[in-house]
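Participant: have a look; sequence and predicted model below, questions after that.
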Amino acid sequence: MFALIRDGRVDPPVSLAEVPEPEPAEDEAVVEVRASSLNRGELALLAARPDGWRPGQDLAGVVTQAAASGEGPGVGTRVVGVAEGGAWSERVAVAAGRLTALEEGVSFEDAATLGIAGRTALNIVRLAGPILGRRVLILGASGGVGHLAVQLAAAAGARVTAHVLAGEEPEPSAFDVVLDGVGGASLGRAVRAIRPGGTIVLFGATDPEPATLTLLDFIGHEGARIQTYFSYAQAHPNGVAGDLRALAELLQQGRVKPTIGVTVDWRDADRALVALRSGEVAGKVVLTFPARSRTAEEEPRTVAAAAPASAGG
């Protein structure tokens, strides 16, 4: 089969290569990938990992081999999941506990955004506590996480204010909760905006300027706390599959709708990576995996360099 691998000879450092078929563990299913979304963290991983490393976490597709343990979805089931890696491939082995079934009415492209971004949005809203009727500010609302967090907070009954511009100064001491996806120097804005006793959930670090906060900055915001969120470390009792199931149901019901700024054929993944790296994309960048016939003699090709994609795709 074919997969995207890390290749330091090109920029962005990805190439299409022929690789062995997945060899799933007993508790893993094999999924034929139909769509995968990109996350900013994968840019850093591509820069740091050795050649041959296979990127990709978020995926949606169809199970072609069920887990031998009997866990998880059966063959032919449409699924959404989060892989440990290698999701930018035609097929990938995924732990059954990181997959959930997907209704026919949900597109693979939309579902592919639910892994890292969707679970982050869901869990930062949970960390904020009960928010019915409370004022919630979301900093960095133009990103994939921010778009979904706005919708989830509103669905939970919050009065939501979304900030998308870096220079925007929110209303001082006006918010019960601040969800900060920018971090860095922006954290000072979050503190200035929070009411006494409020909660700031810090889940992003896109501002390169470091925060400079002291205890005195919390005068007028006494009792406010800063709660951090890391997608790899946050263990919710429902687990990954439970989170994905909740998000897929909300998507099916039309209560949330991911914003996809750029959709690219996976064989042109460099275009998607350039778009993501530019920081000008509103919402998520998604790779699609259209079915195609292959011959045994077909050679993999290096992904060609391309011009940046526009925010509108």
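Facilitator: Yes, it's here. Residues are numbered from 1 along each chain as shown.
Participant: thinking residue 37 is in contact with residue 281, fair?
Facilitator: No - using C-beta atoms under 8 Å, residue 37 is not in contact with residue 281; the gap is 11.4 Å. (Glycine included, C-beta is placed from N, CA and C.)
Participant: comparing those two, which shows the higher neighbour count?
Facilitator: The neighbour count for residue 37 versus residue 281, taken as other C-beta atoms under 10 Å, is higher for residue 37 (32 against 25).
Participant: that one: what's it in contact with?
Facilitator: By C-beta atoms under 8 Å, 6 or more residues apart in numbering, the residues touching residue 37 are 58, 112-113, 115-117, 144, 284-287.
Participant: any idea which of these is least confident?
Facilitator: Across the contacts of residue 37, the smallest pLDDT goes to residue 144, namely 88.
Participant: buried residues in stretch 47-57?
Facilitator: Burial within stretch 47-57, assessed by neighbour count using 16 or more other C-beta atoms under 10 Å, is assigned to 49, 54-57.
Participant: pick out whichever of these sits closest to residue 263.
Facilitator: For the buried residues of stretch 47-57, the minimum distance to residue 263 (C-beta to C-beta) is 15.8 Å, reached by residue 56.
Participant: report the buried residues of stretch 20-30.
Facilitator: Buried residues in stretch 20-30, counted by 16+ other C-beta under 10 Å: 22, 24, 27-30.
Participant: could you work out the end-to-end span of that stretch for me?
Facilitator: 13 Å (C-alpha to C-alpha, to the nearest Å).
Participant: how far off centre is it?
Facilitator: How far stretch 20-30 lies from its chain's middle: 23 Å, per C-alpha atoms, centre = their mean, to the nearest Å.
Participant: what does that stretch rub up against?
Facilitator: The contact list for stretch 20-30 (C-beta under 8 Å, 6+ apart) reads 1, 63-69, 71-73, 79, 86, 91-97, 99.
Participant: drop anything exposed from those residues.
Facilitator: For those, a burial check counting by 16+ other C-beta under 10 Å picks out 63, 65-67, 71-73, 79, 86, 91-97, 99.
Participant: hang on, the earlier thing: biggest separation within the buried residues of stretch 20-30, which pair?
Facilitator: Farthest pair in the buried residues of stretch 20-30, by C-beta to C-beta: 22 and 27, 13.4 Å.
Participant: quick check: residue 126 is in a strand.
Facilitator: No - under DSSP: H, G, I helix; E, B strand; the rest coil, residue 126 falls outside any strand and is assigned helix.
Participant: how many residues are close by it?
Facilitator: Neighbour tally, residue 126, other C-beta under 10 Å: 17.
Participant: what does the model give it for pLDDT?
Facilitator: pLDDT at residue 126 comes out at 94.
Participant: before we move on, the earlier item: TSV for the buried residues of stretch 20-30, including distance to residue 188, secondary structure and pLDDT?
Facilitator: Formatted as TSV, the buried residues of stretch 20-30 follow (distance: C-beta to C-beta, whole Å; DSSP: H, G, I helix; E, B strand; the rest coil; pLDDT from 0 to 100):
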residue	distance to residue 188	secondary structure	pLDDT
22	47	coil	97
24	48	coil	97
27	45	coil	97
28	45	strand	98
29	46	strand	98
30	48	strand	98
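Participant: same list, these, but as TSV with distance to residue 157 please.
Facilitator: Formatted as TSV, the buried residues of stretch 20-30 follow (distance: C-beta to C-beta, whole Å):
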residue	distance to residue 157
22	43
24	42
27	38
28	39
29	37
30	41
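Participant: from the chain's centre, how far out does the top helix by length along the chain sit?
Facilitator: As assigned by DSSP state H, the longest helix anywhere in the chain is helix 239-252. Remark: helix 239-252 is offset 14 Å from the chain centroid, using C-alpha atoms, centre = their mean.
Participant: what's downstream of it, the next helix or strand?
Facilitator: strand 260-265 (DSSP states H and E).
Participant: show me what that following strand is packed against.
Facilitator: helix 108-111, helix 269-278, strand 284-288 (3 or more C-beta pairs under 8 Å, 6 or more residues apart in numbering; DSSP states H and E).
Participant: among those, which comes closest to residue 8?
Facilitator: Here helix 269-278 is closest among the helices and strands packed on strand 260-265 (C-beta to C-beta), at 13.5 Å.
Participant: buried residues in that closest one?
Facilitator: Per 16+ other C-beta under 10 Å, helix 269-278 contains these buried residues: 269-277.
Participant: on the three-state scheme, the residue nearest the centre of the chain is what?
Facilitator: The structure's the chain has its C-alpha centroid closest to residue 117; by C-alpha atoms, centre = their mean the separation is 2.7 Å. Classification of residue 117 using three-state DSSP returns helix.
Participant: can you show me the helices along this protein?
Facilitator: 40-48, 108-111, 119-127, 144-155, 186-193, 239-252, 269-278.
Participant: list the helices and strands the fifth one packs on?
Facilitator: Helix 186-193 sits against strand 135-139, strand 175-180, strand 194-202, with contacts defined as 3+ C-beta pairs under 8 Å, 6+ apart.
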